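*Asks:* Compute the structure for the input listed below.
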Amino acid sequence: MKTGLRGVLVFVIISGQSLAPALAGGSGAHARPALPAWCKSEQVIAGRQEDAPEGFFVYSLASLRERGRKLIHVNLPGLYRSGLRAFVPSVIKGTETDHEIAHVDVSDDGLWVLYSATLAPAEDPEQPMACRGRRLVLCRLDGRGRYEVPAQTEDGRSLRLSGFYRRSPYGGEVFYSRNNATILAVVCDLSKGAPRFGATRVVCAGIDWDGDDCMSISGSHIHGRLAELSRYVTIPGGGKGTAGPDQLWRFTGQSKFGCAVTLSHDGGLAVSNPTQLAAREGCPDPSRCFPIWHRGFVVLPFKEHTQPSMDIADHYFREALSANWCAKAMRPGNHDFSQWYVANDRRYVIGRQISRKPGAYGCWLVHWPDNTWTRLTPADTVALGPAAFIVAAAGVAPASQPVQSDTAASRPGLGAGQAPPGVPAGSPPGPELRRLVVRARLIGASPLPTPRTIAPYKQALVFNTYRVEAVIEGELADRRIAVAHWAIREGKLLPGAGRDEGRSYVMRLERLSTHGELERTTRIDGPDDPSLPAFCQVEEAPK
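*Replies:* Next up, the predicted model:
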């Protein structure tokens, strides 16, 4: 707790409690204008991760590199996912060789992820979006399919903006930029297992969007970043037409309008890092109201082009729904909160934190109505471009979500003889703990990771599929099984991690469900068939 002289802010940080500071006033203190109710600079709650809603988030990773006196972030290949309630990272199968990943977006049903990527790292790490050959990718979150979207671009450099077209008038569409002034959408039906693509149309032309930021489209609403205008565009015909400059809602003056723009899935809420406003008479100091310098975000209502124009300060002060500040301890220095994404439950916004200081990185989930900030990753995880999915908001039972295998099937610990949590050491083994020795033929081998592809993580498991040829010890009725093996330990690829399809192996196995001690181990993928009984190899039995 900080204490001090009169006029000093006093605040207490308690997990799950309000971090609201109180002014230690006195007879000499000068009262300042009251902050608006929607300004949450004095109301910050530290959330506990176990109290987060059930769901998952998807993100990419970067490493840190010094360039002269600068610290730059070098994007790493691969796309990762984890549950919201516990950080259990796993690589999404099919994304391991995708580089410079950007604009990650999760489908409304939580089964697909859309992103753009290249096949090779950028020549200049500070210009990741300038790569040739950028392509648009759809990947199933269970790893059962990776598909390229037929995007009409010349060399991929113009593919700077993309995402799912929410509430499309044509059922399902994916949008992307042909160039900064032309936004296209292609029909995309995801109801049949593999995507089926249809006609491509122009949804916006003649407006010069900032290709270094983000864009969202829902129904007839486009929310992106523009240089000196507003960022709200309405597609005519309920989304069926082509928007242009005449459909742009404008301020009454030229005004910069923040960055890291995103839109709620229903198209009603516009979220971004706020811009710096000049002080104006009759209003509190804008720097006290809005978290400029990437210290939070502002939630505003979307403005259609038919609504009256107004000054940017009026839009902020009169129409802001919420100004969400990070905790006071994070406001000094170079803490950068950005890359916001509104989850399918529009009360939640996810973003990433980057800093020049150590231990100030990672992903945060913010419940913006009460300004609860929940850290989702360790503070040294350099995560980028996160997107979140809330199970309850999708109207499905959690058990039907294959992505929830983050918490169910990601428990492969390979320590020999270790009892699962809650079972006293030395207890007689129950059916789930009895070892099994089998001879089995490898019929489905997973590709091996490398220490580089899983960086910054240092441990990794792979799943292989086997056909049981003989049960040497124990009992097993199943003839096809999935087995988890160590591939990387302490950042080194293990000798013998690679296995040959068609070859038979004698293995000592234990049920995967009995090993919860290594829940934070990175999984390269899950079993090809989630219905297969899952085991982990404790040790290889002598042949």
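
*Asks:* From residue 64, how far out is residue 351?
*Replies:* 19 Å (C-beta to C-beta, to the nearest Å). All C-beta spots, glycine's among them, are computed from the backbone N, C-alpha and C.

*Asks:* low-scoring pLDDT stretches of the stretch 51-200 of the chain, where are they?
*Replies:* 126, 128-131, 154-156 (pLDDT under 70).

*Asks:* Assess the claim that residue 367 and residue 350 are in contact.
*Replies:* No - taking contacts as C-beta atoms under 8 Å, residue 367 lies outside contact range of residue 350: 10.7 Å.

*Asks:* In terms of neighbours, single out the busier of those two.
*Replies:* Comparing residue 367 with residue 350 by other C-beta atoms under 10 Å, the one with more neighbours is residue 350, at 25 against 19.

*Asks:* could you pull out the helices for the stretch 401-543 of the chain?
*Replies:* Taking DSSP state H, counting those that start in this stretch to define them, one finds helices in the stretch 401-543 of the chain at 405-408, 451-454.

*Asks:* So which residues make contact with the last one?
*Replies:* Right, the one you point to is helix 451-454. 76-78, 91, 96-97, 458, 460, 488, 491-493, 522, 524 (C-beta atoms under 8 Å, 6 or more residues apart in numbering).

*Asks:* 7 Å - rerun?
*Replies:* 77, 78, 91, 96, 460, 488, 491, 492, 493, 522 (C-beta atoms under 7 Å, 6 or more residues apart in numbering).

*Asks:* do the same with stretch 178-186
*Replies:* With C-beta under 7 Å, 6+ apart, stretch 178-186 has contacts from 149-150, 152-153, 158, 160-161, 165, 173-177, 197-198, 200-209, 211.

*Asks:* what's the first-to-last distance across stretch 230-248?
*Replies:* Distance between the two ends of stretch 230-248: 8 Å, counting by C-alpha to C-alpha, to the nearest Å.

*Asks:* Could you give me the buried positions within that stretch?
*Replies:* 230-235, 239, 241-244, 247-248 (16 or more other C-beta atoms under 10 Å).

*Asks:* again with stretch 340-354
*Replies:* 340-354.

*Asks:* Figure out how far that stretch is from the centre of its chain.
*Replies:* 8 Å (C-alpha atoms, centre = their mean, to the nearest Å).

*Asks:* Over to stretch 500-507?
*Replies:* Worked out by C-alpha atoms, centre = their mean, stretch 500-507 lies 37 Å from the chain centre.

*Asks:* Now do the same for the closest residue to residue 263 other than its chain neighbours: helix, strand or coil?
*Replies:* Leaving out its chain neighbours, the residue that sits closest to residue 263 by C-beta to C-beta, 6 or more residues apart in numbering is residue 216, at 3.5 Å. Of the three states, residue 216 takes strand under DSSP: H, G, I helix; E, B strand; the rest coil.

*Asks:* And the contacts of the longest helix along the chain?
*Replies:* In the chain, taking DSSP state H as the definition, the longest helix is helix 312-319. Residues outside helix 312-319 that contact it (C-beta under 7 Å, 6+ apart) are 251, 255, 257, 277, 280, 283, 290, 300, 301.

*Asks:* Please state the offset of that helix from the chain centre?
*Replies:* 30 Å.

*Asks:* What average pLDDT does the helix or strand following that helix get?
*Replies:* For helix 312-319, the following helix or strand on the C-terminal side (DSSP states H and E) is strand 322-325. For strand 322-325, mean pLDDT is 92.

*Asks:* oh, and call the first residue 42 from now on, that's how I've got it
*Replies:* All set: I'll call the first residue 42, so the last point we hit is now strand 363-366.

*Asks:* Within the sheet, what are the partner strands of strand 363-366, with directions?
*Replies:* When pairs are called by DSSP bridges, strand 363-366 turns out to pair with strand 80-81 (parallel), strand 337-342 (antiparallel).

*Asks:* re earlier: what about the longest helix of the chain, average pLDDT?
*Replies:* The model assigns helix 353-360 a mean pLDDT of 87.

*Asks:* Buried residues of it, list them for me.
*Replies:* Quick answer for helix 353-360 (16+ other C-beta under 10 Å): 353, 354, 356, 357, 358.

*Asks:* From residue 250, how far off is the residue most central in space within the chain?
*Replies:* Computing the C-alpha centroid of the chain and ranking residues by C-alpha atoms, centre = their mean puts residue 427 first, at 2.2 Å. Using C-beta to C-beta, residue 427 is found at 22 Å from residue 250.
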